[in-house]
Structure formats: structure tokens, C-alpha cells
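Undergrad: The sequence isn't on hand, but the structure is:
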């Protein structure tokens, strides 16, 4: 997270690794999906948040993020912008 402003791709790499190494902690997967979204990678963020939601359906942060990502995808598809 500390790298996210100046080195966003490196931050994504570390977030992904943390999520892969600690699938038992939903916060790591959530964080990875969140930073994917901030990097403009909506479809990848949705793909990353799905396993977190499946494994931890009551995790509130990931629930809210998934809702936001789905709304953004719907908004984009309604605008004629790519998904």
C-alpha cells in the first residue's frame, strides 16, 4: 500500500502476492481488488474479489467493494464505454 502512489504496478504485485500467500485472510484479497480498481482494471478487480466473497461472504469491506465494482461495470456498459 505504501508503494501505491509512486509505484502502482509494484504495489499491485505485492498485494497479489499477499492475497495468494494468505487466502485465509480476506483483507489481503480485498486490498488487491481495491488497488486493481484504482488502477483502472475493473474486470480484474471483479475477478480478484470473487474468491474473497465466496470464501468470506460476511466480509463487509469486500461485499461493499463488489457492489461498487458491479455498479461501475453497469454504468460503463450503459455509457457505451468498454467493460
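TA: Yes, it's here. Since the model is a prediction, treat every value here as computed from it, not as a measurement. Numbers count the residues shown, from 1 in each chain.

Undergrad: does residue 61 sit in a helix or strand, and which one?
TA: helix 60-79 (DSSP states H and E).

Undergrad: For that helix, which helices and strands make contact with it?
TA: helix 26-38, helix 42-55 (3 or more C-beta pairs under 8 Å, 6 or more residues apart in numbering; DSSP states H and E). C-beta: built from backbone N, CA, C; applies to glycine.

Undergrad: For the residue nearest the centre of the chain, list the residues it contacts.
TA: Per C-alpha atoms, centre = their mean, the C-alpha nearest to the average position across the chain is that of residue 33, at 1.3 Å. Listed by C-beta atoms under 8 Å, 6 or more residues apart in numbering, the contact set of residue 33 reads 45, 46, 48, 49, 52, 62, 65, 69.

Undergrad: Which pLDDT value belongs to it?
TA: Per-residue confidence (pLDDT) for residue 33: 97.

Undergrad: Likewise for residue 10?
TA: On pLDDT, residue 10 comes in at 83.

Undergrad: So what's the residue count around it?
TA: Around residue 10 there are 11 other residues, counting by other C-beta atoms under 10 Å.

Undergrad: quick one: what helix or strand has it in it?
TA: helix 8-21.

Undergrad: and that helix, what does it pack onto?
TA: Using 3+ C-beta pairs under 8 Å, 6+ apart, helix 8-21 is in contact with helix 26-38.

Undergrad: quick revisit: centre of the chain versus the helix holding residue 61, how much separation?
TA: 11 Å (C-alpha atoms, centre = their mean, to the nearest Å).

Undergrad: and residue 23, backbone torsions?
TA: phi -70, psi -10 (degrees, to the nearest 10).

Undergrad: what's the most buried one of the helices and strands packed on helix 60-79?
TA: helix 26-38 (a mean of 22; mean count of other C-beta atoms under 10 Å).
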